[in-house]
Each structure stands twice: as C-alpha cells, then as structure tokens.
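Student: compute the structure for the input listed below.
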Amino acid sequence: MILLAILAVVALFYFKYGNTLLKWQAEAKKMIAASSEDTFKSSEASFIYDSNGKVLAKLKGDHDSYYLTFDKIPQYVKDAFVVTEDRDFYKHAGYDPKALVSAGITLFMNKLRGQDATRGASTITQQLARNIFTDYLPYTDKSYSRKVKEIFVATEMEKKYSKDQILEFYINNVFFANGYYGIEAASRGYFSKSASELSLAEVAFVCSIPNRPQSYDPLEHFDNTIKRKNRILDQMLSQKFISSAEYSDAYYSDIVMNPAKEIKNQNYLTTYAVSCATKALMQKQGFEFRYEFSSDADRSSYDAEYKDMYEECYKLLHTAGYNIYTTLNKKIQAKLQKAVNEQLSSFTEKKKGVYAMQGAATCINNKTGKVVAIVGGRKQKSTTGYTINRGFQSYRQPGSCFKPIAVYTPALERGYTANSIVDDTYFKDGPRNADGRYLGKIPLRTAVEKSKNVVAWRLFQEMTPAVGLSYVKKMNFSKIVDSDYVPAASLGGLTNGASTVEMASAYATLANNGKFRNPTCIKKITDYDGNVIVNMNKLTKQKQVYKPEAAEAMTDILKGVLVRGTAAGKQLSNMACAGKTGTTSDKKDGWFCGYTPYYSTAVWVGYDNPRAVSNLYGSTYPLYIWHEFMGELHSGMEYADFVYDRQ
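Tutor: Have a look, this model is predicted:
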C-alpha cells in the first residue's frame, strides 16, 4: 500500500510538473555537456574592500596551485570522505534512491507544514554539483525545485565523468574553512606540509572540517574538530578501511597544528567583515534574527536553524565571487590597535605564545551607525595561532557601563531628572559601593558620576528587571537569558556578558537621538558582474529605543563622568564627550564606553581566563586606551557638541 501511495504521488507530481521537469533535465544536460575538467579547477574569489575601496582580503585561495590528480590524493583522504559523506558512492548513479525516498517523505511533510525543503540525502556528486554550479544551484535556495535540479545535474555528471574523476573533483573543491579549498590547500594551511605527508590522524582531523566549516574550524573550535576526527576514525574502522592498530594509533595521537603564516596572521577587520557579510546574506534570504524566546526548546530550535543558515551563507560567501564593500577604515583601525598595544604593553605574560592580558575595542561612526574599526586583541610580533576576535566573539560582564543603558536612561524616561534626589544608603542584602562610601540623599547626576551601585540597584528594582532589560533587548544584545532578570543585572552582572560591538552600538544609540541601528560594517555586496546582491542601507532600519529627551539627559549626565566622576580629567581637549567606566566586583573585567558627536567607542580589558587584577578598573587601562585613541581620532576635527531633536 505504501509503495502504491508513493507511486501515486510520483505520478501526480509528474502529471502536474512534467514539462517543468523535462525543462530542468534539458538544462542539466546542456550545462554538463559544456563542462570539462577545467570547470572543476577554476577559482572564483570573493574580495573584501575597506572604506576607501582598497582590498582588505581575498576569501578564497586558488584551486589551481594545489590541485591534486586522483593518483596523488592519499587513500586515507578518499576513504575518509566516502565513509562519512557517501558510503554508497561507488554504487549509485548520482543520487541515493533510498535516501531520496526518505528525504521525499520529509519534504512532503514539510510542504504540508508550510516549511522549507531540508538539505538531507545529498551524495558526494550532489554536493559537488552545488559547490561548482552555484549560480544554478545557490546554497541559500531551499526550494523543492533546487533539490530536483540538483539530482538532474548530478545524474548528468555521473554519465560524463567516472567515479574516480568525480571524487577527485570533490576533494579538490570542498571547503576547509579559512579560504582553503581542496585537501592540499588545507594540508598546507593547517600543517604547513603536503597532503601526502599527513598521518592518518591528521587526515581525519582535516577531513572533519568540510561537514560544517564554521563549526569545525580548527583555529576557532579545535575541540569540536577533534571530536569529529574521532568519529571519522570510528566509521573508518567499522567499515574496515583501517585496522584496529591504525585506529588506536590515530585516535590517541596528539594533533599539533603548524598553521601557514597567512592563517596565523588573520586580522580582526577580516574576521569581523566575514561575520557581518554572512549575516547580511542571511538577512537578504529572509532569515529572522531573534533575541527573545519563549522557552529553552524555542531557543534550541532557533539556534539550530541559525547555525544551518549561517553555514550555508558562510560557504556561499567564499564561493560566489562576491565583492564585499565595508565601512572599515584601516587608518582608524591602526590608531585603535596602537592604543590597545601601548596601554597594555606592561603586561608581558604569555600563554601558548599569546598575551595573557588582553583588550578589545569597537568604534562606531555615529552618523551611519556602522563599525569603522574593531580590535580583537593585542598585536604580537609572532603569533602561534589565531585565537578569537574578542571585539565581537567574546562576551564579558560590562560592569557599571551597563547602568546607563539598562537603568538610568529608562529611569529618565519615567520621570526622573538629573537633579532627582535618590537614596545612596546601604541596605541589608544590597550591593556595596565600589569606594565603600555611602552618601545618603544625593542627586541622580552625582550617583552616575560616582558610579553608586546602591542607587542603580534601587532604581532597577523599582522599575523591575523586565523593564530595564527590555531596552537592552531592543538593541539586539544576544546573550540575555532568564537568569539575568535579577537586581544584579543593574550592575552589569550578566550571566553571559556583552561584546564591545554590542556596548558600542548601545552608546551610539544614546548619541543618535535614542535611535538604534544594528551594528555592521557592510555597505553593500555585489556579484562578479557588479549587480547589487545586498544593500545594507535598505536592509537596516532605525529603532527608537529611548525617547530623545531621555537620551539627551543621559548624555548630559555622562559628560560629567569625565569632568567630576570616575573618569575625571580624561575628557577630550578638543571635543565634547561623554562616557562611563565599568569594573566588575571581582576586578576581572574593566570597561570604558564613551562617545563624541562623531564616534562611539567601547573598550574592554581583562584575561581570557578571567582572574582578578589589583589595578584593573574602568578608570585605568580601558579609559587610558579610550582616551589615547579618541584623542588621536579627533585631532584636527571641528569641535562639535551633542545635538538632539526633541519630539
């Protein structure tokens, strides 16, 4: 009965779409007939450009330099891909009928639910088809038509090319993250040696990456890569591609990477631009970014969907020959990097060749709301491995820098003024002020300038954490969770913390009449022919988070922080400025977030593995970095004061 039902559905489908299917089949025949071995050896790079139109990075290495013919590809590599990606590769005709039936049922059920097609049941041949013919089979297209087209293309490829040729093409074109395509490029990139010199353990390690290049990028997710490497070895053993002795030796072998120089010296501008461009493609494809969830299951479902779409758009970014135009300014970047380097130069301790004490900072142009510079760590003469871009990938407790955006500006919207009298009296089970002093009844302005924890705590409780954090959620802070809805959040005591990009964009919102613009560095993305794929000005919409009057009042108060408060004496000599210091109670994280009419900059300082630092305050190293950088950035600029449009 089930077989008859399937045949009936197929017959109905063919009756309804027969002409379309014949058209797609003809297109596939024509496309593959016009292809040659050179089709699978070409390279189409994507380029990232800075704010002046100069190339920042090339996202794809050349295939041709490292192309390996079938006889030169190590047998372990061939076996690893066949056993993990397509065990019936040498048996099927381009697609797996059994897997296709299973996928077809899933597609049919998804159709009934109004959901997109899924990515399942793809053979090596099908994967190769969409890796090469990206215009005809775009990664981001999840429609049923693309799935059918993919099968037709794969079938035609199987008719023209031998299995060994197809596997050769696949292994030379598959993406290994960090701009590496093909096993030879990946081997040289991660181990600085030819694929022929790789051990079984190293083969399994490298072959782990293509399944999910973002998740198994060994430079960022080494432990994930190791786990998948071991799963590949398990499969190779179970399918008798390797012996028990080979398995044991490879399973317990230590993996020591020796990355090529171009990977070791990844710069912070490029990594951030790639992240922003990937998200821009996701947004263009209709992905809805969310920051609030009804349950843990809801969040998990969203995270899985996000991960899948990110993987697809990330891969597309590296294969489609795009031109990515950004607002990143290399001169401003150099000033910001210099300030971080110089102000932290006294900390010389290193761990695995990387400075233990670190800093990160993000600078946003207040006129556009876009990032112009981002520093993810200290610059080193010789790095032994790129870690992370702390500017947007690291989340730390923001301390008192959180007060203006989650407590004081919301309070100003609710009737408080700079001169409102607030209570700075210690109370049982309440927080302690950092300086140990309690001033009793004081103006709200003084409470902000002197960073009085008791006052912020009281106001946050009065308005409720739900109200205070609602403002932050409107500015797309991505790590706010249920456990943050407590009074301690008023002091920046967040479960997961915030990034410098998030904090800079929040302060830029105060500078922008209370209007939030989602931070990015992307202006536009065009294809090879110059056609605009993404126009961020059209995709980016302003969101009124704070009333203009409240943002103006908050800015006026924060001006005083640099005159009479915790950052006294560090105001800019040639420009109006406002800001706030932030220090966690255990002195593990120091922040300064400040802005002028032109730019907003957030700075974080601390250890990657958090530990207390006796002289780390928001008013020391973070403020020193901010003051040096912003002073140089505004040198020679026309003086300006903050201007607000009251409604």
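Student: only C-alpha atoms for contact and neighbour calcs from this point on.
Tutor: OK.
Student: please save the CA atoms from stretch 585-602 in PDB.
Tutor: Extracted C-alpha coordinates of stretch 585-602, given in PDB (Å, rounded to 0.1, in the frame of the first residue of the first chain):
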ATOM      1  CA  SER A 585      33.100  43.500  41.500                       C
ATOM      2  CA  ASP A 586      36.000  41.000  41.400                       C
ATOM      3  CA  LYS A 587      38.200  43.200  39.200                       C
ATOM      4  CA  LYS A 588      38.300  40.600  36.400                       C
ATOM      5  CA  ASP A 589      36.900  42.900  33.700                       C
ATOM      6  CA  GLY A 590      37.400  46.600  33.100                       C
ATOM      7  CA  TRP A 591      35.400  48.700  30.600                       C
ATOM      8  CA  PHE A 592      35.100  52.200  29.300                       C
ATOM      9  CA  CYS A 593      32.300  53.200  26.900                       C
ATOM     10  CA  GLY A 594      32.400  56.700  25.600                       C
ATOM     11  CA  TYR A 595      31.300  58.800  22.700                       C
ATOM     12  CA  THR A 596      31.500  62.200  21.000                       C
ATOM     13  CA  PRO A 597      29.100  63.600  18.400                       C
ATOM     14  CA  TYR A 598      31.200  61.800  15.800                       C
ATOM     15  CA  TYR A 599      32.100  58.400  17.200                       C
ATOM     16  CA  SER A 600      31.300  55.900  19.900                       C
ATOM     17  CA  THR A 601      33.900  53.500  21.300                       C
ATOM     18  CA  ALA A 602      33.700  50.700  23.800                       C
END
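Student: next, the buried residues of it.
Tutor: For stretch 585-602, a neighbour-count test (16 or more other Cα atoms under 10 Å) marks 585, 587-602 as buried.
Student: before we move on, what about stretch 524-538?
Tutor: For stretch 524-538, a neighbour-count test (16+ other Cα under 10 Å) marks Lys524, Ile525, Thr526, Ile533, Val534, Asn535, Met536 as buried.
Student: and the contacts of it?
Tutor: Contact with stretch 524-538 is made by 277, 280-281, 284, 320-326, 522-523, as judged by Cα atoms under 8 Å, 6 or more residues apart in numbering.
Student: so which of these sits lowest on pLDDT?
Tutor: Least confident entry in the contacts of stretch 524-538, by pLDDT: Ala320, with 81.
Student: check contacts around Lys370.
Tutor: Going by Cα under 8 Å, 6+ apart, Lys370 touches Thr327, Ile364, Pro519, Thr520, Cys521, Ile522.
Student: what's the most distant pair in those residues?
Tutor: Within the contacts of Lys370, Ile364 and Ile522 form the most distant pair, 12.5 Å apart (Cα to Cα).
Student: now do the strands in the stretch 401-550 of the chain.
Tutor: Using DSSP state E, counting those that start in this stretch, the strands of the stretch 401-550 of the chain run over 421-424, 440-443, 515-516, 522-526, 532-535, 543-544.
Student: let me know which of these is the nearest to Lys479.
Tutor: When those are compared (using Cα to Cα), the closest one is strand 515-516, at 17.7 Å.
Student: count residues in the vicinity of Ser36, would you?
Tutor: Neighbour count for Ser36, taken as other Cα atoms under 10 Å: 11.
Student: any buried residues in the helix or strand harbouring Lys229, and which?
Tutor: Assigned by DSSP states H and E, Lys229 falls within helix 222-238. Counting neighbours by 16+ other Cα under 10 Å, one finds that the buried residues in helix 222-238 are Thr225, Ile226, Arg228, Lys229, Asn230, Arg231, Ile232, Leu233, Met236, Leu237.
Student: which residues are contacting that helix?
Tutor: 79-80, 83-84, 201, 204-209, 215-218, 242-244, 247, 250-251.
Student: pLDDT weak spots in the stretch 51-200 of the chain?
Tutor: Within the stretch 51-200 of the chain, the segments meeting pLDDT under 70 span 61-65, 98-121, 139-140.
Student: that one: helices as residue ranges?
Tutor: Using DSSP state H, counting those that start in this stretch, the helices of the stretch 51-200 of the chain run over 75-85, 97-113, 124-132, 144-160, 163-173, 183-191, 200-206.
Student: between the ones you listed, which one is nearest to Arg445?
Tutor: Set against Arg445 and scored by Cα to Cα, these come closest in helix 183-191, at 54.3 Å.
Student: which other helices and strands does that closest one contact?
Tutor: helix 163-173, helix 200-206 (3 or more Cα pairs under 8 Å, 6 or more residues apart in numbering; DSSP states H and E).
Student: so can I have TSV of those helices showing distance to Pro622 and mean neighbour count?
Tutor: Formatted as TSV, these follow (distance: least, Cα to Cα, whole Å; neighbours: other Cα atoms under 10 Å):
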stretch	distance to Pro622	mean neighbour count
helix 163-173	45	22
helix 200-206	39	25
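Student: got CSV for the ones you listed, with distance to Pro74 too?
Tutor: Listed next are the helices and strands packed on helix 183-191 as CSV, based on distance: least, Cα to Cα, whole Å:
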stretch, distance to Pro74
helix 163-173, 11
helix 200-206, 9
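Student: most neighbours out of the contacts of stretch 524-538, which is it?
Tutor: Busiest of those [other Cα under 10 Å] is Ile522, holding 30 neighbours.
Student: secondary structure class for Trp604?
Tutor: With DSSP: H, G, I helix; E, B strand; the rest coil as the basis, Trp604 sits in strand.
Student: Ala508 versus that one, what's the distance?
Tutor: 16 Å (Cα to Cα, to the nearest Å).
Student: can you check Val174 too?
Tutor: 41 Å.
Student: comparing those two, which residue is more hemmed in?
Tutor: Taking neighbours as other Cα under 10 Å, Val174 and Ala508 compare with Ala508 leading, 34 against 22.
Student: any stretches of the stretch 501-647 of the chain with poor pLDDT?
Tutor: In the stretch 501-647 of the chain (pLDDT under 70), the answer is 647.
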